[in-house]
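> All I have is the shape, not the residue letters:
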């Protein structure tokens, strides 16, 4: 076999040499037989000839067709052939020959392994001959079927591979002359293109000739036309020799008409099946007149008495307006031809179907022509008309920004959802689209008999205006329902005798003398507000320019602005000066106040001002205390004017403002502490100072007395029904003089502070843990001892209410005890516990993570959270959210804060690892939506995808556990992953983590807090190994990663406002006796 292969290879080489020689011979003749080309038989170089001045002698000059050729032609070189186009050389179908050989060798190896495996799988158990090493003994003929199959497979494999490599060898030989073969291919492609061009040119000429047939105009017969016009007859018209019929007499005509009436009545009553819409008919004058209300009236007749003879068309009249009473000849001829054809095929039903469809189309055309007239009139650039086949689209308020509104008039099939035997009839229908959305709950009843597109427009626009103003009214009433003691008057009215679309929204507040009228202009769709003022004009422009504006909220703000303008005019008469840019004013006045003004009253100090807020409930007045030297609002106290002024409080006048000023002065000047206790109805007793003399020395001369207040009434939180008292029945408040402290902003500015000490006794077993930590803290503002005594030091600005500060201080100490208990329950290590701050360690293993919570004045909000180490603490990513949670009013906010520190730590560390891995090209982005919801997005060159990580509660009977849920976000343009990514994600969602720390659920995965980090690492690894290629120009530029402080923007949460409520406390039966003779607890001394 090897010899045969060698012989075959030698023969193949000979054949290949011959083929190459033939190719070369075909391209270039042999040198021995090569003769230089002569021009007209004369050598071009003029060899062996004497040349004078570059010209050959005359005797041997070349001749062409008997003429002497120019000598220059003899010396000219032959022109080069033109360059052929070579588009096929750069096509993607061209593959390198080396790649083909690599693939062929790889396939040969794979086929060889498959052949050997198939030979091994052959069962040789039935072979009875003994073989040594698989070979038959000498002289024994191999007749085993198994052995023969194995040999056949091996020979088939060798034969197939030999054919493949033979073809590859031929290709490799041709590739050595690749340039010559490429020239042949170029020539072949050029010839094919020329041949195709010839065929296309011929086809184009034939098509042009065929199309020009219709443009040929026959020569007019001018001679025949002149003869016919001059004489009335034409010689070229043949005379058929017909005898004209005799004219009928009046009696014959009357008799004929009566006979036709009888024939029509008999046929219509006995033989014809009338369509449902042609039941109304009458027979007279030899014709049957069928009436279809609102559409047409058609006259039909018959030619004979046979009941099978067809009806024929006589006349038609339209029963709607506007329409023409007399049809022109062209339309009449068309209707007559089409109607007679329909009568011949489908009788009366066909006649009705054709004429009904014609009338519907004709009505739409009339409306279209009316629309063109409207555009040329007052509706110019306000409406747009579009005619689409048998439908008409009318867009109104075309100049308004935002989504467009229109209605469509078309022909519907007339089919209803209820199935019945009655055949559906097409009819005109209307669809209304308001701001791009179809309105299905409104019925537009157009008058199809008296067609008027302007009336249709007015009806649609009227419903739109009524609905738009109705939505604004409902929105205002909804805002008023959320406002306490709202006094808004809002009604949607239509004037007597006015059109339904001429509706007005009337708005009024108690302080307004005239109501505010809001309308919509019918033609343009713009808002119009009256009476016109600078404020109303400004809001009109906003309403008409911004389609996304909240109309109810803007109208509510407009009402308040109108009243505010009136107050400003009266305040100017009293020389009240407006204060601007007051910090914290919005939070103090509440969210329902839409406009506010703060006035500086003449004769008042700079620390006090008078504020008025405008809302849907009217005007509300406050006395505002400002921080000394600044415009920061520290305290506001509302003036309840209705209790003292009555209905006069709602009037805006100079006299009313003077009354408000006097009331405010009295409120500010009131005795702060006693007035507040009385207004809150808190039982209290003022104990006078007792002067005891020992050896002539007055020891009580520095004692200013004390006030005993019922602790339950003072500390009870009316909003918390689960609150329980934690102190004894009385609280002793003692005054300790005035303290001076620097403001910190100006060395020459000081503020007066008053010190008060609070002493009370705790219930047994309360605040024991807090007492242990406070004893080590060294905080001088609070002190506790083991016997239950509690002492608090309170410093407040002079002239400010004190009860709020006392409550805040007591609730702060109660809240601090809850914080300490919560942190110890979570096994956190407390390091610092004071009324100002709380420090603890929530992760002890290296590197240790610490948190410090700083409280506001007297331990009140806002609460500030600081994390250490500040640069490497993973929790810095959600610090702002944790801080907002601490400042929320939820009862379990601190419990959730303590849990989140542990639940989110593994995940946050995983975020750091992922961002570090993608730091160079920033292909991974972590979005923090809340402390329990995160998003992980990957960008190109990685497969664009987004994942959601959310913390959810899992219930197993009475047990609760928190687990993280990881899933891919669907339906977003950046969430379409590559195919290999989808496969890998599917495998991930069906797998489990080590130890069951996380597990897939088919569409995502769930993990406990300790296993979430490994799940995110696995997810990031999958996305990174699923890279997709992108052009170099689209690769993102490498940028330097910003530090954590710039990625996670820290926002300081605003201080939540603590509502001032008057707790309903049952007064003591004998407050003087109970409070005055209460046993004094063991007091401790405050520095």
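Yep, that arrived. Just so we're clear, the structure is a prediction, and the values are computed from it rather than from any experiment.
> Quick one: the strands in the stretch 751-900 of the chain, in order.
782-784, 789-797, 829-833, 837-843, 849-854, 864-868 (DSSP state E, counting those that start in this stretch).
> Which one of the ones you listed lies nearest to residue 211?
strand 864-868 (84.1 Å; Cβ to Cβ). Every residue, glycine included, has its C-beta placed from N, CA and C.
> And the contacts of the closest one?
849-855, 873, 875-876, 879, 882-883, 886, 1052 (Cβ atoms under 8 Å, 6 or more residues apart in numbering).
> Then stretch 950-959?
903, 931-934, 960-965.
> Filter those down to the ones in helices?
residue 903 (DSSP state H).
> I'd like the contacts of stretch 950-959 written out as a markdown table, with pLDDT, distance to residue 364 and neighbour count added.
A markdown table is the format used below for these (pLDDT from 0 to 100; distance: Cβ to Cβ, whole Å; neighbours: other Cβ atoms under 10 Å):
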| residue | pLDDT | distance to residue 364 | neighbour count |
| --- | --- | --- | --- |
| 903 | 86 | 67 | 20 |
| 931 | 84 | 61 | 22 |
| 932 | 87 | 59 | 18 |
| 933 | 89 | 55 | 14 |
| 934 | 90 | 58 | 24 |
| 960 | 78 | 67 | 9 |
| 961 | 81 | 68 | 11 |
| 962 | 85 | 65 | 15 |
| 963 | 87 | 63 | 18 |
| 964 | 89 | 62 | 24 |
| 965 | 91 | 57 | 17 |
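> so where's the stretch 901-1050 of the chain uncertain?
Scanning the stretch 901-1050 of the chain for pLDDT under 70 picks out the ranges 971-978, 1027-1050.
> run the last query once more with 80
920-921, 955-960, 970-979, 995-996, 1026-1050 (pLDDT under 80).
> Please enumerate the strands of it.
Applying DSSP E, counting those that start in this stretch to the stretch 901-1050 of the chain gives strands spanning 924-930, 933-938, 945-956, 959-968, 998-1000, 1004-1007.
> would you turn those into a markdown table with distance to residue 198?
Shown next, in a markdown table, are the strands of the stretch 901-1050 of the chain (distance: least, Cβ to Cβ, whole Å):
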| stretch | distance to residue 198 |
| --- | --- |
| strand 924-930 | 62 |
| strand 933-938 | 57 |
| strand 945-956 | 56 |
| strand 959-968 | 60 |
| strand 998-1000 | 67 |
| strand 1004-1007 | 66 |
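> Nearest to residue 590, out of the strands of the stretch 751-900 of the chain?
strand 789-797 (22.9 Å).
> next one: that closest one to chain centre, how far?
54 Å (Cα atoms, centre = their mean, to the nearest Å).
> What pairs with it, parallel or antiparallel?
strand 750-761 (antiparallel), strand 782-784 (antiparallel) (DSSP bridges).
> which residues sit in contact with residue 478?
Contacts of residue 478 (Cβ under 8 Å, 6+ apart): residue 552.
> For it, grab phi and psi.
Main-chain dihedrals, residue 478, degrees, to the nearest 10: phi -70, psi -40.
> what's the spacing between it and residue 616?
10 Å (Cβ to Cβ, to the nearest Å).
> before we move on, what about residue 116?
With Cβ to Cβ as the criterion, residue 116 and residue 616 are 91 Å apart.
> Settle it for me: which of the two has more neighbours?
residue 616 (24 against 14; other Cβ atoms under 10 Å).
> rank the strands of the stretch 751-900 of the chain by mean pLDDT and give me the bottom one.
Lowest mean pLDDT within the strands of the stretch 751-900 of the chain: strand 789-797, a mean of 77.
> Name the nearest residue to residue 452, ignoring sequence neighbours.
Ranked by Cβ to Cβ, 6 or more residues apart in numbering and with sequence neighbours excluded, the top spatial neighbour of residue 452 is residue 370, at 7.0 Å.
> So the one you found, which state does it fall into?
Residue 370 carries the three-state label helix when classified by DSSP: H, G, I helix; E, B strand; the rest coil.
> which residues does it contact?
451-454.
> Can you tell me which of these end up in strands?
Among the contacts of residue 370, the subset assigned to strands under DSSP state E is empty.
> buried subset of those residues?
When those are checked for burial by 16 or more other Cβ atoms under 10 Å, the buried set is 451-453.
> Turn those into CSV, including pLDDT and distance to residue 662.
CSV is the format used below for the buried ones among the contacts of residue 370 (pLDDT from 0 to 100; distance: Cβ to Cβ, whole Å):
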residue, pLDDT, distance to residue 662
451, 92, 70
452, 92, 65
453, 93, 65
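> okay, those in TSV with distance to residue 505 next?
What follows is the buried ones among the contacts of residue 370, written out as TSV (distance: Cβ to Cβ, whole Å):
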residue	distance to residue 505
451	32
452	28
453	28
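> just to revisit the earlier point, out of the strands of the stretch 901-1050 of the chain, flag the one nearest residue 122.
Comparing the strands of the stretch 901-1050 of the chain by Cβ to Cβ, strand 998-1000 comes nearest, at 44.8 Å.
> which parts of stretch 949-956 are buried?
949-951.
> which one of those is nearest residue 233?
Nearest to residue 233 among the buried residues of stretch 949-956, counting by Cβ to Cβ, is residue 950 at 99.8 Å.
> Pull up the gap between that closest one and residue 876, please.
Separation of residue 950 from residue 876 (Cβ to Cβ): 21 Å.
> Settle this for me: residue 574 is touching residue 656, isn't it.
No. Counting by Cβ atoms under 8 Å, residue 574 stays clear of residue 656, with 10.9 Å between them.
> the more surrounded of the two?
Between residue 574 and residue 656, residue 656 has the larger neighbour count (other Cβ under 10 Å), namely 19 against 13.
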